[in-house]
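Participant: Here is my input, please return the structure:
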Amino acid sequence: MTAGAPPAAAAHKRLRAILGGSAGNLVEWYDWYTYSAAALYFAPVFFPKGDKTAQLLNTAAVFAVGFFARPVGAWLMGRHADRAGRKAALMLSVAMMCAGSLVIALTPGAARIGVAAPVILLLARVFQGLSLGGEYGASATYMSETAGRTYRGFWSSFNYVTLIGGQLLALGVLMGVRSLLSATAMAEWGWRIPFVIGAALAFVAFWLRRHLQESASFLGVSAANAERGSARALIARYPRETATIVGLTAGGSMIFYVYTTYMQKFLTNSAGFTVDQATFLSAATLLAFMAMQPLSGWISDKVGRKAMLVTAFGGSTLLTWPVMTGIAAASSMGTAFLLILAALLVESAYTSISAVVKAELFPASVRSLGVALPYALANATFGGTAEYIAFWFKEAGIERGFYVYASVLSGIGLLAALSMQDTRRHSRILED
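Facilitator: Below is the predicted model of the structure:
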């Protein structure tokens, strides 16, 4: 990271940079996933009319709208990160997430302020979407640039470790609050506590990010470079790379959200498990999934990124139907756990290297924008709508149609993986 620095000093700086970027990323994703984790409790507060599925459908729609704000945030803060620096974008994104969580925590329910309640919820979620749209590009770029050539797959995998960690933390806080409060208190006001905690953690993350060092890759880009943060240059000069990210994200995001955020609802709404059982299963499988990331990232440093991607998307294309039908028919928590775990093991071959593959495709002048914008567009279109489409299929009485839909998107990811070069050998990150 620093030319001429002793190996021990360089390693210390690299570790500090990875940890600093990871901590903020964890908080960002905690705030984002708290909405999904707490949706079972606050859906009746903001959407009091209709049955359980209808209420969840409304909260899933707001969840999807937040995703559609992410491409705008990706463009704005991806451009900002390529022009003002990765550190500046990281600080701005976490400050915005803090504000969004605080608004959700303090907004009264529909019983008190009527239609204004879901409107404010929607606006807060849009604000969080803008934040996270910029966070992914800046953090994925920063962590990949500071990871070092030899173990770039391993170190950059902590982008998803903290992403999953944020989701686990959201579930853990929710379970902790649920154990301390009665069901009535939880439904009336207890669900707000995780959002307050998220706002406080985001404030701490902002303070931590103030002390990060800027990456050498960004510092090496001339201020006179006309390409810096230019969407026109990105599309005109790197169309193949941009399309590759869209294809990978379409399949990868869909499968990820099927087995993480949507799975908790699927277990209660389709498989017949209780809320507490579904929450436990989600937490246990996510913990195992998080532990898989560094190992899969390390394997990619040995065998290459392309082989891992083909494994992930080929496996998901074949397994989605049997795994989902198996979970729906599962008679025990153990069976459901093993099926979800098997699917996530395959998915980890993609998620562990998702950040580094995207970063290695672009030069530093448009890297943050290149990582963020096509990812956010595809993630909003396919990942952000996953829950909504799943509930739509269920309400239409053809729930298994959703399994086919997810498998087709995995197939698109497989085609994108097969058509690309191995970025481990052809990386555009030149600094070690």
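
Participant: pLDDT below threshold where in the chain?
Facilitator: When residues are selected by pLDDT under 70, those of the chain lie in 1-12, 50-56, 432.

Participant: what's the longest helix in it?
Facilitator: Once the chain is assigned using DSSP state H, the helix that runs over the most residues is helix 7-46.

Participant: Can you list the helices and strands that that one packs against?
Facilitator: In this structure, helix 7-46 makes packing contacts with helix 52-84, helix 86-106, helix 110-113, helix 116-145, helix 158-180, helix 183-188, helix 193-209, helix 261-269, judged by 3 or more CB pairs under 8 Å, 6 or more residues apart in numbering; DSSP states H and E. C-beta coordinates here come from the backbone N, C-alpha and C atoms, glycine included.

Participant: How about the secondary structure of residue 224?
Facilitator: Under DSSP: H, G, I helix; E, B strand; the rest coil, residue 224 falls in the coil class.

Participant: so who does it touch?
Facilitator: Residue 224 sits next to no residue when contact means CB atoms under 8 Å, 6 or more residues apart in numbering.

Participant: next one: residue 343
Facilitator: The contact partners of residue 343, by CB under 8 Å, 6+ apart, come to 255, 259, 316, 319-320, 323.

Participant: next one: residue 196
Facilitator: If a contact means CB under 8 Å, 6+ apart, then residue 196 has 101-102, 105 as its contacts.

Participant: and if you look at residue 421?
Facilitator: The contact partners of residue 421, taken as CB under 8 Å, 6+ apart, are residue 306.

Participant: any idea how far residue 427 is from it?
Facilitator: Distance of residue 421 to residue 427, given as CB to CB, to the nearest Å: 10 Å.

Participant: next one: residue 397
Facilitator: Distance, residue 397 to residue 427, by CB to CB: 48 Å.

Participant: Of these two, which one has the most company?
Facilitator: Between residue 397 and residue 427, residue 427 has the larger neighbour count (other CB atoms under 10 Å), namely 18 against 7.

Participant: State the distance from the closest residue in space to that one that isn't next to it in sequence to residue 430.
Facilitator: Once flanking residues are discounted, residue 427 sits nearest to residue 360: 4.0 Å by CB to CB, 6 or more residues apart in numbering. Look at residue 360 and residue 430: by CB to CB, they are 10 Å apart.

Participant: Next: residue 46.
Facilitator: For residue 46, the distance to residue 430 - CB to CB - is 49 Å.

Participant: what's the burial count for the residue nearest to residue 427?
Facilitator: Counted by other CB under 10 Å, the residues lying close to residue 360 total 25.

Participant: got it, and residue 210?
Facilitator: Using other CB under 10 Å, residue 210 is surrounded by 11 other residues.

Participant: Numbering from 433 from now on, please.
Facilitator: Understood, numbering begins at 433; the last thing we discussed is residue 642.

Participant: Next, work out how far apart the nearest residue to it once chain neighbours are set aside and residue 854 are.
Facilitator: Nearest non-adjacent residue to residue 642, counting by CB to CB, 6+ apart: residue 523, 6.6 Å away. Distance check for residue 523 against residue 854: by CB to CB, it reads 34 Å.

Participant: if we can go back for a sec, so the residue nearest to residue 859 sits against residue 857, correct?
Facilitator: No: Residue 792 sits out of contact with residue 857 when judged by CB atoms under 8 Å, with a separation of 9.7 Å.

Participant: follow-up on the earlier one: between helix 484-516 and the longest helix of the chain, find me the angle.
Facilitator: Here helix 439-478 runs at an angle of 140 degrees relative to helix 484-516 (axes from the mean of the first three to the mean of the last three CA atoms, to 10 degrees).

Participant: Buried ones in helix 439-478, by neighbour count?
Facilitator: Buried residues in helix 439-478, counted by 16 or more other CB atoms under 10 Å: 442, 446, 449-450, 452-478.

Participant: circling back: now the helices and strands packed on helix 439-478 as JSON lines including distance to residue 680?
Facilitator: Formatted as JSON lines, these follow (distance: least, CB to CB, whole Å):
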{"stretch": "helix 484-516", "distance to residue 680": "15"}
{"stretch": "helix 518-538", "distance to residue 680": "22"}
{"stretch": "helix 542-545", "distance to residue 680": "40"}
{"stretch": "helix 548-577", "distance to residue 680": "13"}
{"stretch": "helix 590-612", "distance to residue 680": "14"}
{"stretch": "helix 615-620", "distance to residue 680": "39"}
{"stretch": "helix 625-641", "distance to residue 680": "28"}
{"stretch": "helix 693-701", "distance to residue 680": "19"}
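
Participant: Burial-wise, tell me which of these comes out on top.
Facilitator: The highest average neighbour count among the helices and strands packed on helix 439-478, using mean count of other CB atoms under 10 Å, belongs to helix 548-577 at a mean of 25.

Participant: report the angle between the axes of that helix and helix 625-641?
Facilitator: Angle, helix 548-577 to helix 625-641, by the same axes, to 10 degrees: 30 degrees.

Participant: Give me the contacts around the following helix or strand past helix 548-577.
Facilitator: Using DSSP states H and E, the next helix or strand after helix 548-577 towards the C-terminus is helix 584-588. Contacts with helix 584-588, where a contact means CB under 8 Å, 6+ apart, come from 446, 450, 572, 575-576, 578-580, 726, 729-733, 737, 784-785, 787-788, 791-792, 856, 859, 861.

Participant: one step back: scan the contacts of residue 775 and report the most crowded one.
Facilitator: Ranked by the number of neighbours (other CB under 10 Å), these place residue 687 first, at 31 neighbours.

Participant: nearest residue to it other than its sequence neighbours?
Facilitator: Leaving out its chain neighbours, the residue that sits closest to residue 687 by CB to CB, 6+ apart is residue 748, at 4.8 Å.
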